[in-house]
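only geometry, no sequence info:
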């Protein structure tokens, strides 16, 4: 049996991309608490500093993480300005997956979330089974 398509191709691409912020939304979602800004001071590379804060802002807005090559230039420039860096100091290829994964754990904990894992799947499966009865 074929899988059901919920989103068409363009809707799927839009879903997989970071949100496009208006100026007001950018200020709202990229207004970081001091503890997050202090965390960036411990990071060495400009790309990881900008990437970390942008991941925080995008997660705050959508509760999801995105690939750094998909980050929007206006958002990069805004966060770079917050960090007193230049936007061209952000290179997506320098914000490597292992670092992103570590940052995601920090962000999840900061916002009070946890990764969807086997324990989460078991809990949801149990709930679905009880609802089906």
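Great, that's in hand. Model, not experiment: these values are computed from the prediction. Numbering: from 1, shown residues only.

can you map out the helices along this protein?
9-16, 23-29, 34-41, 46-62, 73-82, 97-110, 118-132 (DSSP state H).

can you tell me which of the ones you listed the model trusts least?
Among the helices of the chain, helix 9-16 carries the lowest mean pLDDT, at a mean of 83.

Kindly calculate the angle that it makes with helix 46-62.
Put simply, helix 9-16 runs at 110 degrees to helix 46-62, going by axes from the mean of the first three to the mean of the last three C-alpha atoms, to 10 degrees.

Buried residues, helix 9-16. List them.
By neighbour count on 16 or more other C-beta atoms under 10 Å, the buried set for helix 9-16 is empty. Quick note: C-beta positions are derived from backbone N, CA and C, even for glycine.

And for that helix, what's in contact with it?
Helix 9-16 is contacted by residues 7, 66, 70 when judged by C-beta atoms under 8 Å, 6 or more residues apart in numbering.

just to revisit the earlier point, need the winner for burial among the helices of the chain.
Mean neighbour count (mean count of other C-beta atoms under 10 Å) peaks for helix 46-62 among the helices of the chain, with a mean of 22.

Tell me which residue lies nearest the centroid of this protein.
For the chain, residue 65 is the residue whose C-alpha lies nearest the centre (C-alpha atoms, centre = their mean; 3.1 Å).

which residues does it contact?
By C-beta under 8 Å, 6+ apart, the contact list for residue 65 reads 55, 58-59, 100, 104, 107.
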